Each structure stands twice: as C-alpha cells, then as structure tokens.
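Q: Return atomic coordinates for the entry below.
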Amino acid sequence: MLKIAIDAMGGDFGPEPIIEGLIAALKKNNNFTAIAVGKKNELLPLIPHYFLSRIEILDTDDVISMSDSATDALKRKESTIYKAIELVRDGNADAVVSAGHSGASMSLATLRIGRIKGVNRPAIATLMPTSENQNTLVLDVGANVDSDAKNLFEFAIMGQVYAQYVLRLDEPIVGLLSNGEEDSKGNEVTKEAYKLLSKIPNFAGNVEGSDIFKGTVDVVVCDGFVGNILLKTAEGVADTIGKIIKKNLKRSLISIAGAVLMRKVFKNLKVRVDYAEYGGAPLLGVKAPVIIAHGKSNPKAIQNAIFQAINAASSNLDTIIEQRLAKYSNNQEIN
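A: Numbers count the residues shown, from 1 in each chain. So this is what the prediction gives:
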C-alpha cells in the first residue's frame, strides 16, 4: 500500500484545508495511507478518530514561511517540508505533497531525494485548460529561470513520459514554445533545442502561445522564466474574464435571467479553469513524486494533489524517464 507524506502546515490557511483534503482523499481511495507532518497538537483535533488508523502524525513545530529563503530550508532540519522530504528519501513514504514554500520544496527534493540519472535540472509541470475536452501539459513553469537546449530536451522527454504514464495519453505530441511555427523562429536556445527535439517521436515542431489553449499538442516545452509568466498571465486573464462576466450579468433583468438559464454552462466553465480541479504541479526529474500545490489550495485541490501523487507513485516514472533519456541522448550524441 502506498504511503504519502503531507506537509500539513505549509498552506496559506494553516492545516485545516490540508487535513480536510487528506480526509476527502482517504474516503475516496482505500489504497493509501498518509503521514501528516506538522504540529501534533493542532493536527490531532482535525482528524476524526476512525481515520487515525490511516493517518500517522509526525510531530514537528518548525514551518518554512513564504518570507523565508529557499536556502533556509536546507539548514532547518526540523521543518515540516524537510521532514516530509526525508520520509521519501529514507524509503518511509512513496511521494510528497506540499502547499508550502515551493522554492524550499524544489531545493530539498533536488538535493535530498536526488535527480534521476540523466536529468540536469528538474522542471515543474502544470496542466492548462483548452477549448477541447483535454488539457495541455506545460513545463517548465518556474523551476529554472535560465535553461539551455539540453535542458529543454530533457523537459520534453519528462513531459512526454508523464503525459503517457500518468495522464494516460497513448502517443503524447510535444511542441516547443516559440514566437512562430517555422523552425527558423525563436532565439538561439530554442533553435538548438528544435534540432534535439526533432529526433523525439511525436515532436510537432514549434508552437505559439495560443496553441496551448487550443489543444494543438499534448505537451508544451519552455524555460521556467517564460513558463512562469505564461502561467500567471493565464491565471490573471481567467480571473479578469470572470469578473467582467459577473459585472455585466448584473446590469439588467434580462442579463440576470440569461445567467440563470446558462448556470450549467458557467459551472462547467468554472470547472475547466479552476486550479483546484488539477491539484498541484509535479516536480519532474527527481527520483520520487513531489507535488507542489498552490499556497491557497482548498480541500478539493489538496485531495486532487494527493491523487496526482498516488498516480505518479504507481507509474514507475523515474525508471522510464531514465531509460528514455539514455535512449534518445545516445541517439543524438548530446554532450
């Protein structure tokens, strides 16, 4: 049975939504247990007695706050995220979920759990909604501000494996984010990356930003600087559109009546763009699943982040990524 380590104190709203999300996940899935890392005196009252057989509490008081430096986490060995990562490193848990300091989670996972052989830099992946009945996996969205062509090649392999074995896509199509579809477009890094990615099966070439939301490809590769701006821009646009719709719906009785008639449409739209539906962002390239959830995660988001961790832990990703990297790196003679 899988065991998931949970940083129970890491979110912006304390342990309540995290424990509530954990309990919701336990209710829906009987095939895992959890270790909640945090202040026992705060966690214990939140857990119904009949779930204590499936939730172990690892008591610790130190919490890495958002104002702390990511490097501080390496020194604070009694912090919740450090102890959660160590559970996986020592083989006492199969995956980690944290809604806490993302920089600390990335640093500790990379240095304590370790990178998969052949991976120079892990990447954060996230799902973007599309106009079709699917999502687009985008990576990197923040782990690496500067990336070279080889890093982008590694991201493509990791994203393709994740899409195939966790998202269950048969033959995931990969695109390289650029400022035009032609292979002559892009900067020097993306042009070099294009040459490396061209040997990967199902590489569709360059894609533009709009293709992400059209569902043109299954996996989009970019560096973390571009990816993070893309992610936050998309979040801002979605929030703005929602506010504009709400504002205009209140302007007349006809608009209000129309809103009532379109209630199901609006509900479906909310589901498509709500981050809680996707859970968290996997850190790909480390030897065990690490899911980085949003600091403002509600119980539903935590529940889905845990399900992500379970799916990843059940998929043998590290071995498959290592094998794929070795295969295509040798074929391309990447130095």
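
Q: from here on, contacts and neighbour counts on C-alpha atoms
A: Noted.

Q: Neighbours of the spatially closest residue to Gln160 that is not a sequence neighbour, how many?
A: Distances taken as C-alpha to C-alpha, 6 or more residues apart in numbering put Pro172 closest to Gln160, at 5.9 Å, once the chain neighbours are dropped. Neighbour count for Pro172, taken as other C-alpha atoms under 10 Å: 21.

Q: got it, and Arg112?
A: Counted with other C-alpha under 10 Å, Arg112 comes out at 18.

Q: What backbone torsions are found at it?
A: Main-chain dihedrals, Arg112, degrees, to the nearest 10: phi -90, psi -50.

Q: Quick check: the residue nearest to it when sequence neighbours are not counted vs Thr80, distance?
A: Computed as C-alpha to C-alpha, 6+ apart, the closest residue to Arg112 that is not its neighbour in sequence is Arg89, at 6.5 Å. The spacing between Arg89 and Thr80, counted by C-alpha to C-alpha, to the nearest Å, is 14 Å.

Q: Same drill for the two, tell me which one is more crowded.
A: Each of Arg89 and Thr80 has its neighbours counted (other C-alpha under 10 Å); Thr80 has more, 29 against 18.

Q: Quickly find the element holding Phe307.
A: helix 299-313 (DSSP states H and E).

Q: Can you tell me what sits against the very next helix or strand once past that helix?
A: Once the chain leaves helix 299-313, the next helix or strand it forms, by DSSP H and E, is helix 317-332. With contacts defined as C-alpha atoms under 8 Å, 6 or more residues apart in numbering, helix 317-332 is touched by 116-119, 154, 157-158, 161-162, 165, 196, 199-200, 285-288.

Q: quick one: the strands in the chain?
A: 2-7, 32-38, 55-59, 95-98, 123-129, 135-139, 174-177, 203-207, 219-221, 280-284, 290-293 (DSSP state E).

Q: if we can go back for a sec, now for the residue nearest to Gln160: which residues touch it?
A: Gln160, Ala163, Gln164, Asn202, Val217, Asp218, Val219.

Q: Number of residues surrounding Asn187?
A: Residues near Asn187, counting by other C-alpha under 10 Å: 11.

Q: meant to ask about Gly186, not that
A: Other residues lying near Gly186 total 19 when counted by other C-alpha under 10 Å.

Q: The one 4 residues further on now?
A: Residue neighbour count, defined by other C-alpha under 10 Å, stands at 27 for Thr190.

Q: is it true that Asp218 touches Asn135?
A: Yes - with contact defined as C-alpha atoms under 8 Å, Asp218 counts as touching Asn135 (7.2 Å).

Q: what sits in contact with each of the two?
A: By C-alpha under 8 Å, 6+ apart, no residue touches both Asp218 and Asn135.

Q: related to what we said a few turns ago, can you redo the strands of the chain as CSV with mean pLDDT?
A: Supplementary listing: the strands of the chain in CSV, determined by pLDDT from 0 to 100:
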stretch, mean pLDDT
strand 2-7, 95
strand 32-38, 95
strand 55-59, 95
strand 95-98, 96
strand 123-129, 91
strand 135-139, 93
strand 174-177, 95
strand 203-207, 94
strand 219-221, 96
strand 280-284, 92
strand 290-293, 94
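
Q: Put together JSON lines for the ones you listed, with mean neighbour count and distance to Ile18 on each row.
A: Shown next, in JSON lines, are the strands of the chain (neighbours: other C-alpha atoms under 10 Å; distance: least, C-alpha to C-alpha, whole Å):
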{"stretch": "strand 2-7", "mean neighbour count": "26", "distance to Ile18": "8"}
{"stretch": "strand 32-38", "mean neighbour count": "24", "distance to Ile18": "9"}
{"stretch": "strand 55-59", "mean neighbour count": "19", "distance to Ile18": "13"}
{"stretch": "strand 95-98", "mean neighbour count": "30", "distance to Ile18": "9"}
{"stretch": "strand 123-129", "mean neighbour count": "24", "distance to Ile18": "20"}
{"stretch": "strand 135-139", "mean neighbour count": "26", "distance to Ile18": "25"}
{"stretch": "strand 174-177", "mean neighbour count": "28", "distance to Ile18": "34"}
{"stretch": "strand 203-207", "mean neighbour count": "21", "distance to Ile18": "37"}
{"stretch": "strand 219-221", "mean neighbour count": "30", "distance to Ile18": "29"}
{"stretch": "strand 280-284", "mean neighbour count": "27", "distance to Ile18": "13"}
{"stretch": "strand 290-293", "mean neighbour count": "30", "distance to Ile18": "10"}
